[in-house]
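Asks: model the following, please.
(2 chains)
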Amino acid sequence: MVTTTSRRAVYEQKRKRRSIAVATVSSLIVVTAIVLLVPRMPRWDRVRQSFFNGERFRDSFPRLLDAFILDVKIFAWSAPLILILAMMIAMARNSRSPALFPVRALTIAYTDIMRGVPIILWIYLIGFGVPGLGLDRPWNSPLLWGSVALVLTYASYVAEVFRAGIESVHESQRAAARSLGLSNWQTMRFVVIPQAVRRVVPPLMNDLVSLQKDVALVSLIGPIEILRQAGIDKAKFANFTPYIGAAVIFLCITIPLTRTTDYMMERERRRTTGTRVR
Amino acid sequence: MTTKISLQAVSKSYGAHIVLHGVTLDIEEGSVVTLIGPSGSGKSTLLRCINLLEPIDDGEIYLDGEDISVPGLDANPVRRRIGMVFQNFNLFPHMSVMENIILSPTRTLGVPKATARLKAMELLERFALADKADSYPDQLSGGQQQRVAIVRALAIEPEVLLLDEITSSLDPELVGEVLDVVRELKASGMTLILATHEMGFARDTSDVVCVLDGGHIIEQGPPSQVFTAPKSERAQQFLQSIINSGRL
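Replies: Below you'll find the predicted structure:
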């Protein structure tokens, strides 16, 4: 027994050393190739001047950061509304009462239509269309209707995530709850929904990361958030570096969020399926 | 003796597949009725029909002389009088043992939380589970989970308890602790209807044994008669196969 474990340990260690060596060498080759080859491209100097200009970066960065606060605000008020609306749609779609057939049909039509058209189109249609009805301030603000467009479209995506979660809860859980005398609604509220939500947290996080980026689309109908501010700076100095600045700011938010999501998915996978097959 | 539950020509089918063929059965108050028979013979479906989890196609089911199979009847008050325990426990994994037990009393019967907890603790103590009150289902062994599921069903103080193959997914060495609980329930005078493959237990504990086959009750009577002198040929075959496999 002792010899088998140690034999295994020696083998595992050798394997590990080998894979680290392979990974290091291959990474080095790729990085060296990029560092050596890209500057040899004929117009590299021009690109570096207009995209990676240190002075322009330092100059525009504080303005971009200021503008990014608006992105964060749009995200902060849209996200909770999306979650609430999406849960309502998912539950309506999952209802079993025959009387609620029209509601079910309506939610199916809603998710199909909202998901079937690019988000940017909804932002144009709702963001320009509704204020065009001649509403008075503050009800004609593109910021308001751009956010509404985001909420309506994202709710349809997130509703599908919730629906998948609800359907993943085994029928026997409902049977147990009903056999205890719980009503249909109580079964949903106390037994099905809590389990469903727990299971869909990782895909939900994915959608929230996408939302954080798609908030920038609202800039297309007017509000000066980070993307629009970068565009203004670009036009003023005829230099693309502000876009790089904006990208850096987005990455500072999205990378930690994405890593957290992956970590949670991995944890969920380990919890539910045990060990990974090699 | 009064009749607690009465099944009159109960029929149930899934599409073209007929699961119950006009089953008629009277269950006396305080008796233990065991349903045995090969897999797919309709035992579980019969229990699910009594609990109104499955609507029946034809026939009637009476509880204390009252027809509970009327289409459109509110099933929830009936289910609070008829508890059910399942083969796979079906505990709610996101709730602790205590939360599992008090969910229905607090939400459906309006029992105050403190009272429900007190009563739940009494039940847990009675079944030697008091130290598990704050555990979560996946921290318990199969036998413990099934005993918790029984406690959860008892917490709504049902008049009848339906036990659907409650030992079938347990490791052999854990079957005993669950069957002990059933014996105690019998001693306390509760009306029990159980579907089981534990033939020795069925013989020793039941008042009435029913052999089901293809949706029919093909043999019915006290265990002494059903196990030793079955009348129908099919029941003889079934019991012979059980004896041959060493399970009786």
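
Asks: interface residues of chain B facing chain A?
Replies: Within chain B, the positions adjacent to chain A are B:48, B:51, B:53, B:75-77, B:79-80, B:83-84, B:86, B:88, B:90-94, B:103-104, B:107-109, B:149, B:152-153, B:156 by Cβ under 8 Å from any Cβ of the partner chain. For the C-beta atoms, the positions are set from N, CA and C on the backbone; glycine is no exception.

Asks: among those residues, which are in strands?
Replies: Counted as lying in strands by DSSP state E, out of these, are B:83-84.

Asks: now list the buried members of the residues of chain B next to chain A.
Replies: Neighbour counting by 16 or more other Cβ atoms under 10 Å in any protein chain shown classes B:48, B:51, B:53, B:75-76, B:79-80, B:83-84, B:86, B:88, B:90-94, B:103-104, B:107-108, B:149, B:152-153, B:156 among the residues of chain B next to chain A as buried.

Asks: buried ones in the strand or helix carrying residue A:251?
Replies: Here residue A:251 sits within helix A:241-273, counting by DSSP states H and E. Along helix A:241-273, these residues count as buried under the neighbour rule (16+ other Cβ under 10 Å): A:241-246, A:249-250, A:253, A:261.

Asks: SS state for the residue nearest to residue B:69 when sequence neighbours are not counted?
Replies: The shortest distance from residue B:69 to any non-neighbouring residue, by Cβ to Cβ, 6 or more residues apart in numbering or on different chains, is to residue B:61 (4.2 Å). Counting by DSSP: H, G, I helix; E, B strand; the rest coil, the backbone at residue B:61 sits in strand.

Asks: do residue B:5 as well
Replies: Quick answer, by three-state DSSP: residue B:5 is strand.

Asks: related to what we said a few turns ago, okay, and which of the buried ones among the residues of chain B next to chain A map to helices?
Replies: The helices, defined by DSSP state H, take in B:48, B:75-76, B:79, B:103-104, B:107-108, B:149, B:152-153 from these.

Asks: need these in CSV (columns: distance to residue A:9).
Replies: Below are these laid out as CSV (distance: Cβ to Cβ, whole Å):
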residue, distance to residue A:9
B:48, 53
B:75, 60
B:76, 59
B:79, 57
B:103, 48
B:104, 52
B:107, 54
B:108, 57
B:149, 43
B:152, 47
B:153, 50
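
Asks: pull the most distant pair out of those residues.
Replies: Pairwise distances across these peak at 22.2 Å for B:48 and B:107 (criterion: Cβ to Cβ).

Asks: near chain B, which residues of chain A?
Replies: Residues of chain A lying near chain B (Cβ under 8 Å from any Cβ): A:172-173, A:175-183, A:186, A:190-191, A:194-195, A:198.

Asks: what ranges do the helices span in the stretch 151-278 of chain A?
Replies: A:171-179, A:184-186, A:193-214, A:226-237, A:241-273 (DSSP state H, counting those that start in this stretch).

Asks: adding mean pLDDT and distance to residue B:17, write those helices out as JSON lines.
Replies: Below are the helices of the stretch 151-278 of chain A laid out as JSON lines (pLDDT from 0 to 100; distance: least, Cβ to Cβ, whole Å):
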{"stretch": "helix A:171-179", "mean pLDDT": "94", "distance to residue B:17": "18"}
{"stretch": "helix A:184-186", "mean pLDDT": "91", "distance to residue B:17": "27"}
{"stretch": "helix A:193-214", "mean pLDDT": "90", "distance to residue B:17": "31"}
{"stretch": "helix A:226-237", "mean pLDDT": "86", "distance to residue B:17": "60"}
{"stretch": "helix A:241-273", "mean pLDDT": "84", "distance to residue B:17": "33"}
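
Asks: among the ones you listed, which is nearest residue B:32?
Replies: helix A:171-179 (19.5 Å).

Asks: in the helix-or-strand element of chain B with minimal mean pLDDT, what's buried?
Replies: Using mean pLDDT, DSSP states H and E, helix B:233-244 stands out as the lowest-scoring helix or strand of chain B, at a mean of 85. By neighbour count with 16+ other Cβ under 10 Å, helix B:233-244 contains the buried residues B:234-235, B:238-239, B:242.

Asks: mind giving me the packing neighbours of it?
Replies: strand B:208-213, strand B:216-221, helix B:223-228 (3 or more Cβ pairs under 8 Å, 6 or more residues apart in numbering or on different chains; DSSP states H and E).

Asks: TSV please, covering those and showing mean neighbour count and mean pLDDT.
Replies: Converted to TSV, these look like this (neighbours: other Cβ atoms under 10 Å in any protein chain shown; pLDDT from 0 to 100):
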stretch	mean neighbour count	mean pLDDT
strand B:208-213	23	93
strand B:216-221	19	92
helix B:223-228	16	89
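
Asks: rewinding a little: and the helices of the stretch 151-278 of chain A: which comes nearest residue A:48?
Replies: helix A:241-273 (10.0 Å).

Asks: and the closest one, how far out from the chain's middle?
Replies: Distance, stretch centre to chain centre, for helix A:241-273: 9 Å (Cα atoms, centre = their mean, to the nearest Å).

Asks: if you count contacts, what does the lengthiest helix in chain B end up packed against?
Replies: Longest among the helix segments of chain B by residue count, using DSSP H, is helix B:172-187. Packing partners of helix B:172-187 (3+ Cβ pairs under 8 Å, 6+ apart): helix B:142-154, strand B:191-195, helix B:199-205.

Asks: reformat those as TSV; add mean pLDDT.
Replies: Formatted as TSV, the helices and strands packed on helix B:172-187 follow (pLDDT from 0 to 100):
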stretch	mean pLDDT
helix B:142-154	94
strand B:191-195	94
helix B:199-205	88
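
Asks: adding distance to residue A:166, write the ones you listed out as CSV.
Replies: Converted to CSV, the helices and strands packed on helix B:172-187 look like this (distance: least, Cβ to Cβ, whole Å):
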stretch, distance to residue A:166
helix B:142-154, 23
strand B:191-195, 30
helix B:199-205, 38
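
Asks: can you tell me the SS state at residue B:18?
Replies: strand.

Asks: pretty sure it is in contact with residue B:215, am I right?
Replies: Yes - taking contacts as Cβ atoms under 8 Å, residue B:18 lies within contact range of residue B:215: 5.8 Å.

Asks: of the two, who's got more company?
Replies: In this view residue B:18 and residue B:215 are compared by other Cβ atoms under 10 Å in any protein chain shown, and residue B:215 has more residues nearby, 22 against 15.

Asks: for that one, give me its contacts.
Replies: Residues in contact with residue B:215 (Cβ atoms under 8 Å, 6 or more residues apart in numbering or on different chains) are B:12, B:18-21, B:23, B:41-42.

Asks: please report how far the residue lying closest to residue A:114 once chain neighbours are set aside lies from chain B.
Replies: The spatially closest residue to residue A:114, leaving aside those adjacent along the chain, is residue A:156, at 3.6 Å (Cβ to Cβ, 6+ apart). According to Cβ to the nearest Cβ, to the nearest Å, residue A:156 stands 27 Å off from chain B.

Asks: can you check the pLDDT for residue A:156?
Replies: At residue A:156, the pLDDT value in this model is 95.

Asks: returning to what we had before: what angle separates the helix holding residue A:251 from helix A:226-237?
Replies: For helix A:241-273 against helix A:226-237, the angle by axes from the mean of the first three to the mean of the last three Cα atoms, to 10 degrees is 160 degrees.

Asks: so what secondary structure elements neighbour helix A:241-273?
Replies: By 3+ Cβ pairs under 8 Å, 6+ apart, helix A:241-273 packs against helix A:44-51, helix A:54-94, helix A:193-214, helix A:226-237.

Asks: mind putting those helices into a markdown table with mean neighbour count and distance to residue B:186?
Replies: A markdown table is the format used below for these (neighbours: other Cβ atoms under 10 Å in any protein chain shown; distance: least, Cβ to Cβ, whole Å):
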| stretch | mean neighbour count | distance to residue B:186 |
| --- | --- | --- |
| helix A:44-51 | 13 | 82 |
| helix A:54-94 | 18 | 40 |
| helix A:193-214 | 18 | 34 |
| helix A:226-237 | 19 | 72 |
